[in-house]
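**Student:** here is a sequence together with a model predicted from it:
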Amino acid sequence: MASNKKILLLGKIDHAHSQWSSLDDIAETIVPKARDRAEFIEECKSGAFDDVFCAYRTLASEAITGRIDEELVSVLPKSLKFLCHNGSGYDQIDPEACTRHDIRVSNVPTAVDDATADVNLFLIIGALRNFNQGMVQLREGNWLNGVPLGHDPEGKTLGVLGLGGIGRALKKRTDAFDMKVIYHNRKRLSPDLENGAEYVSFGDLLSKSDVISLNLPLNSATRHIISTQEFAKMKDGVVIVNTARGAVMDEDALVQALASGKVRSCGLDVFEEEPKVHPGLLSNPSVMLIPHMGTHTYETRTAMECWVIDNLRSAISMGKLKSPIPEQTGM
Ligand SMILES: O=CC(=O)O
């Protein structure tokens, strides 16, 4: 009988324990001892991971390995063929370095969509209705104390930058609020995926939206895609929400746009340098801020772990991934 494949576990399994154990029939798990990047690189060089075939990786494991970049990938064993990331965003992984070293990468689309879209909607409504100000005043014993009137979502134009799975799940939700949805992607979607959303240019999305939702992945092309020049093109008093990655928006420029009133309010689940939050945001009571909780539910976190386990099983038994990252599809 062929010997079991080895899986390198970078991070830990928090929920899908029985699904993880079900891999025992086909694989054996190796857990690194390293506590930081330098130790991890040494451990790789020591041969401790030789023969490892695939890896399970969590977002939190970055605290030990750091970014999966050329330096790191070049010390990983040549036997490592698949890197299965637990998360939708994989900006901590350099896809080109992985491709150069013949490592196939997967992420977790779909399983994250509903929970993240729920947070997205919460931020939109909260930012439109000044709920953070109301909550702060109430806790200070002041009841309403001059909290300004908010705005209804009904009839407003929502511009979705990046109409992928989360953006489409958001549209389903905002349809219930009669918001008009426009979107911009690099390529126009098919009508069934658009589902009534209107495709517009990036410039039109900026200038026509009452609310802008950032739902695009972070990569070298999208870093600071929203900065001073883009804010200047937006409607006065626009509301902007971000559940994607902090660095798709220039936080300094956002703080200035909030101070000038160009941006009336914003809702953020993600920040440029997590867990640091820009002091200009922390001190602004009109903004909704939450600490990266897009997928922070038992059901979704369990489904995400199961998704990664499915990728590992597919890699081991069929030599291919269920959800390869777009940069590597067709490889
Ligand atoms: O931020 C969460 C994810 O990338 O899944």
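**Tutor:** Thanks, I have it.
**Student:** CA only for contacts and neighbour counts going forward, please
**Tutor:** Noted.
**Student:** count the neighbours of residue 141 for me.
**Tutor:** 9 (other Cα atoms under 10 Å).
**Student:** just read off the phi/psi values of it.
**Tutor:** Main-chain dihedrals, residue 141, degrees, to the nearest 10: phi 80, psi 20.
**Student:** just say helix, strand or coil for residue 53.
**Tutor:** Look at residue 53: counting by DSSP: H, G, I helix; E, B strand; the rest coil, its state is strand.
**Student:** what sits against the residue nearest to it when sequence neighbours are not counted?
**Tutor:** Among residues not flanking residue 53 along the chain, residue 80 sits closest, at 4.4 Å (Cα to Cα, 6 or more residues apart in numbering). Residues near residue 80 by Cα atoms under 8 Å, 6 or more residues apart in numbering: 51-55, 103.
**Student:** could you redo the last one with a cut-off of 10 Å?
**Tutor:** By Cα atoms under 10 Å, 6 or more residues apart in numbering, residue 80 lies in contact with 6-8, 49-55, 73, 101-104.
**Student:** mind pulling up the pLDDT for residue 4?
**Tutor:** Looking at residue 4, its pLDDT reads 89.
**Student:** quick one: it and residue 26 touch, right?
**Tutor:** Yes: judged on Cα atoms under 10 Å, residue 4 makes contact with residue 26 at a distance of 5.2 Å.
**Student:** now the common contact residues for those two.
**Tutor:** residue 316.
**Student:** now, of the contacts of residue 80, which are buried?
**Tutor:** Among these, the ones that count as buried by 16 or more other Cα atoms under 10 Å are 6-8, 49, 52-55, 73, 101-104.
**Student:** dump those into CSV; add distance to residue 178 as well.
**Tutor:** Listed next are the buried ones among the contacts of residue 80 as CSV, based on distance: Cα to Cα, whole Å:
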residue, distance to residue 178
6, 51
7, 48
8, 48
49, 54
52, 52
53, 49
54, 46
55, 44
73, 48
101, 48
102, 47
103, 45
104, 42
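**Student:** in TSV, list those residues along with distance to the ligand.
**Tutor:** Compiled in TSV, the buried ones among the contacts of residue 80 are given as follows (distance: Cα to the nearest ligand atom, whole Å):
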residue	distance to the ligand
6	25
7	21
8	20
49	26
52	25
53	24
54	20
55	17
73	21
101	23
102	23
103	20
104	18
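**Student:** closest one of those residues to residue 31?
**Tutor:** Using Cα to Cα, residue 8 is the member of the buried ones among the contacts of residue 80 that lies nearest residue 31, at 6.0 Å.
**Student:** return the set of residues that bridge with the closest one.
**Tutor:** According to DSSP bridges, the residues that bridge with residue 8 are residue 30, residue 55.
**Student:** who touches it in this structure?
**Tutor:** Here residue 8 is in contact with 28-32, 49, 51-57, 80, 83 (criterion: Cα under 10 Å, 6+ apart).
**Student:** show me which pair in those residues is furthest apart.
**Tutor:** Counting by Cα to Cα, the most remote pair of the contacts of residue 8 is 51 and 57, 17.3 Å apart.
**Student:** so how far is the ligand from the residue nearest to residue 53?
**Tutor:** 23 Å (Cα to the nearest ligand atom, to the nearest Å).
**Student:** not counting its own residues, what contacts stretch 133-142?
**Tutor:** 126-127, 131-132, 143-148, 284-288.
**Student:** enumerate the residues of the protein near the ligand.
**Tutor:** 87-89 (Cα under 6 Å from any ligand atom).
**Student:** let me see the domain layout of this structure.
**Tutor:** 5-110+299-328, 112-289 (the TED database).
**Student:** report pLDDT for the residue of the stretch 101-250 of the chain found nearest the ligand.
**Tutor:** Proximity of the stretch 101-250 of the chain to the ligand (Cα to the nearest ligand atom) peaks at residue 112, 6.3 Å away. Here the pLDDT value assigned to residue 112 is 98.
**Student:** hang on, it packs against residue 87?
**Tutor:** Yes: if you go by Cα under 10 Å, residue 112 and residue 87 touch, sitting 7.9 Å apart.
**Student:** quick one: common contacting residues for the two?
**Tutor:** Joint contacts of residue 112 and residue 87 (Cα under 10 Å, 6+ apart) are 295, 301, 304.
**Student:** looking at the residues you listed, spot the one nearest the ligand.
**Tutor:** Nearest to the ligand out of the shared contacts of residue 112 and residue 87 is residue 295 (Cα to the nearest ligand atom; 6.4 Å).
**Student:** for that closest one, the count of nearby residues, please.
**Tutor:** For residue 295, the count of nearby residues is 21 (other Cα under 10 Å).
**Student:** quick check: longest helix of the chain.
**Tutor:** Secondary structure assigned by DSSP state H gives helix 298-318 as the longest helix of the chain.
**Student:** buried residues, that one. List them.
**Tutor:** 300-313, 315-316.
**Student:** next: stretch 83-92.
**Tutor:** Residues 83-90 are the ones in stretch 83-92 that count as buried (16+ other Cα under 10 Å).
**Student:** and stretch 155-167, by the same measure?
**Tutor:** So, applying 16+ other Cα under 10 Å, buried residues of stretch 155-167: 156-167.
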